[in-house]
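> Provide a 3D model corresponding to the input given below.
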Amino acid sequence: MTGTVFLITCEHGGNRIPSSFRWLFEGYQALLKTHRGYDPGALAMAKALARAFQAPLVTSTISRLLVDLNRSIGHPQLFSAATRRAPATLREKIIAEHYLPYRTHIESLVRQACAAGRRVVHVSSHSFTPELDGNLRRADVGLLYDPGRDSEAQLCARWKTVLAARAPELRVRRNYPYAGKGDGLTAYLRQRFPNESYVGIELEVNQAIPLTGGSRWPALRGVLTDSLRIACTPGRAVLGACGPFVQ
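I've put the predicted structure just below:
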């Protein structure tokens, strides 16, 4: 390995429906504006990370209610209620025009970097609802990874340690509110690239922070990018001058 490169993606960055498919969403307009239509804050977080690391940024602003780019083909949640009953030819068209180009592009970027002898740290930016089915999510940030991949487990442990030192008031949990090895883009890429070449992390941010706004949201973006840089720099001290996370 000749070094580490970063790749930042955002699969649920918007709630846009292309004009040719809008007729499928009659009666679903209100749903598109909710968290089921997109991940509030995820796109802004992805852009902040890409700027900080001068990394390739691959994003989609197509709603996951059209097709979920973070699900495998054949997964029951690949299509939503609005598209699941569409004719097979139309679903194939959605896959061909929106799903495959996105996933293929990302896989190609990872493959090129690995072929050049680089290790890829891929951060997939997401956000989660503060409450789901009556259950409160007791975290501000979730770091999702596969516990069976040493490189991912070690990076997330160090990232969490840096965050605890830099922003002790921030509630950070690993593999929460979802299991990091569940179906998703990072899981797909792990099947194609070895542990020493590919590190896939899903970053989950509590939507209450970006939706509330104020100084807390830019402060969170700053502390997450700074702490990741430290976590990825061997020998760099955890403690140091870094702006505090603002409550």
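> mind showing which ranges of the protein have poor pLDDT?
1-2, 234-247 (pLDDT under 70).
> mind checking the longest strand of it?
The longest strand of the chain (DSSP state E) is strand 118-128.
> what helices or strands is that one leaning on?
Packing contacts for strand 118-128, counted by 3 or more Cβ pairs under 8 Å, 6 or more residues apart in numbering; DSSP states H and E, involve strand 3-10, helix 42-53, helix 100-115, helix 185-190, strand 198-206. All C-beta atoms are positioned from the backbone trio N, CA, C, and that covers glycine.
> so which elements touch the shortest one?
Helices and strands touching helix 185-190, as assessed by 3+ Cβ pairs under 8 Å, 6+ apart, comprise helix 100-115, strand 118-128, strand 198-206.
> of all the ones you listed, which lies closest to residue 48?
Residue 48 lies closest, by Cβ to Cβ, to one member of those: strand 118-128, at 9.0 Å.
> so where does residue 196 fall, helix or strand?
Under DSSP states H and E, no helix or strand contains residue 196.
> neighbours around it, how many?
If you count neighbours by other Cβ atoms under 10 Å, residue 196 ends up with 12.
> again, but for residue 218
15.
> quick one: the closest residue to residue 148 other than its chain neighbours from residue 7, how far?
Leaving aside its chain neighbours, residue 148 sits nearest to residue 181 (7.1 Å; criterion: Cβ to Cβ, 6 or more residues apart in numbering). Residue 181 sits 19 Å away from residue 7, going by Cβ to Cβ, to the nearest Å.
> what of residue 187?
Distance, residue 187 to residue 7, by Cβ to Cβ: 16 Å.
> these two - which one has more neighbours?
Taking neighbours as other Cβ under 10 Å, residue 187 and residue 7 compare with residue 7 leading, 24 against 18.
> wait, doesn't the residue nearest to residue 148 sit right on residue 147?
Yes - Residue 181 lies in contact with residue 147 (Cβ atoms under 8 Å); the separation is 6.9 Å.
> these two: which has the busier surroundings?
residue 181 (17 against 13).
> please identify the helix or strand for residue 211.
Element membership for residue 211 (DSSP H and E) is helix 208-212.
> picking that back up, what's the angle between the longest strand of the chain and helix 100-115?
Going by axes from the mean of the first three to the mean of the last three Cα atoms, to 10 degrees, strand 118-128 is angled at 140 degrees with respect to helix 100-115.
> this completes my enquiry, with thanks.
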